[in-house]
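Trainee: Predicted model follows, preceded by the sequence.
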Amino acid sequence: MEQQKNDRPLVEVRHLKKYFPIPGKGQLHAVDDVSFTINRGETLGLVGESGCGKSTVGNVLLQLHDRTDGEMYLDGEDVFAHKATHHDFCKKIQMIFQDPYSSLNPRKTVKDILSEPYLIHKIAKKGPELNKLLEDLCETVGLSHDLLNHYPHELDGGMRQVVGIARALSLDPSFIVCDEPVSALDVSVQAKIINLLMDLQKERQLQCRAPYLQPHRRHVPGPDRGDGRHRRDLRQRPAPLHHRSAQRHPQGQPPEGRPHRA
């Protein structure tokens, strides 16, 4: 039974559709008949031009948008058929948003932001137990403990995105959707964030789906597989992409003799 579980894909999406009603004009086909699978330990990069529906696919997978049609299976379970267990579903799948500033509550400190998942899911209560979890989480992503009492606006873009990554990892998910996680960052910071994600994927055996990994910027490592999408009808596919193995870039490497701190 365990062998069968390991052999099947972790994520399987079948004929996913998302249409938005446009008053007086009909429907906008943002996502139209999209299917893909993601195996354990694999990264899938969904590549396409701006506005073709990449982020919408991720939002539908996390049920931030209701689907129009289609199916999604996470570890063999029909996600859309079990809305009653959405609370448990959130532990298995998380998202790293494109804009690290707008996705963080500006009225809360970094400590409050990272504490929320543990408190909402009743994993720990405020006190030594929660503080130990936060300490371990900061150590995992290379976030200085001194920044826990800071507000998002007091951090630079790279640090804010590290906080977003830490929040996504807090519940130890098996699948993470990365919605252009480095597009708003400087070139020098992009490689560091990508390298951090790659290290975490190896350490935690995470599966990732990246709606857009900036394929036109050669310094950013590519996914294990690429799935090309073109325009709003996502059934149209361009020529097959060259599948690039994920490689670390020297620009994201820490200086010799120093530990990696994002």
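Mentor: Nice, I can see it.

Trainee: Span of stretch 65-81 from start to end?
Mentor: Distance across stretch 65-81, first residue to last, is 15 Å (CA to CA, to the nearest Å).

Trainee: contacts for it?
Mentor: Stretch 65-81 is contacted from outside by 5, 8-19, 34, 56, 59-61, 63, 89, 92-93, 174-175, using CB atoms under 8 Å, 6 or more residues apart in numbering. C-beta: built from backbone N, CA, C; applies to glycine.

Trainee: Can you turn the buried subset of those into a selection I can paste into PyMOL?
Mentor: In PyMOL, a selection of the buried entries from these looks like this (16 or more other CB atoms under 10 Å):
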select buried, resi 9+10+11+12+13+16+17+18+34+56+59+60+61+63+89+92+93+174+175
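
Trainee: what about the longest helix in this structure?
Mentor: Identified as the longest helix of the chain according to DSSP state H is helix 187-204.

Trainee: ranges for the helices of the stretch 1-150 of the chain?
Mentor: Assigned by DSSP state H, counting those that start in this stretch, the helices in the stretch 1-150 of the chain fall at 2-7, 54-61, 86-92, 110-120, 128-141.

Trainee: Buried residues of the fourth one, list them for me.
Mentor: Neighbour counts over helix 110-120 (16+ other CB under 10 Å) mark 110-111, 113-115, 117-118 as buried.

Trainee: and those residues as a markdown table, adding pLDDT and distance to residue 71?
Mentor: Supplementary listing: those in a markdown table, determined by pLDDT from 0 to 100; distance: CB to CB, whole Å:
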| residue | pLDDT | distance to residue 71 |
| --- | --- | --- |
| 110 | 96 | 37 |
| 111 | 96 | 39 |
| 113 | 96 | 33 |
| 114 | 96 | 33 |
| 115 | 96 | 35 |
| 117 | 93 | 27 |
| 118 | 94 | 31 |
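
Trainee: if we can go back for a sec, can you tell me which of the helices of the stretch 1-150 of the chain is nearest to residue 185?
Mentor: Go through those one by one with CB to CB and the one that ends up closest to residue 185 is helix 128-141, at 15.0 Å.

Trainee: what sits up against that closest one?
Mentor: Under the criterion CB under 8 Å, 6+ apart, external residues in contact with helix 128-141 comprise 111, 114-115, 118-119, 123-124, 143-145, 148, 162, 165-166, 169-170, 196, 200, 203, 262.

Trainee: CA atoms of that helix as CSV?
Mentor: Backbone C-alpha positions of helix 128-141 (Å, rounded to 0.1, in the frame of the first residue of the first chain) are rendered in CSV as follows:
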residue,chain,number,x,y,z
PRO,A,128,8.0,28.6,25.2
GLU,A,129,6.6,26.0,22.8
LEU,A,130,5.7,28.6,20.2
ASN,A,131,9.0,30.5,20.7
LYS,A,132,10.9,27.3,20.0
LEU,A,133,9.0,26.6,16.8
LEU,A,134,9.6,30.2,15.6
GLU,A,135,13.3,29.8,16.5
ASP,A,136,13.6,26.6,14.4
LEU,A,137,11.7,28.2,11.5
CYS,A,138,14.0,31.2,11.5
GLU,A,139,17.0,28.9,11.5
THR,A,140,15.6,27.0,8.6
VAL,A,141,15.2,30.0,6.3
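
Trainee: If you compare the directions of it and helix 110-120, what angle comes out?
Mentor: Direction vectors for helix 128-141 and helix 110-120, defined by axes from the mean of the first three to the mean of the last three CA atoms, to 10 degrees, enclose an angle of 120 degrees.

Trainee: on contacts alone, who are the packing partners of the helix or strand that comes right after helix 128-141?
Mentor: Under the assignment DSSP states H and E, the closest C-terminal helix or strand after helix 128-141 is helix 157-169. Secondary structure elements in contact with helix 157-169, counted by 3 or more CB pairs under 8 Å, 6 or more residues apart in numbering; DSSP states H and E, are strand 93-96, helix 110-120, helix 128-141, helix 187-204.

Trainee: any chance of these in TSV, with distance to residue 76 too?
Mentor: Rendered in TSV, the data for the helices and strands packed on helix 157-169 read as follows (distance: least, CB to CB, whole Å):
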stretch	distance to residue 76
strand 93-96	14
helix 110-120	25
helix 128-141	28
helix 187-204	20
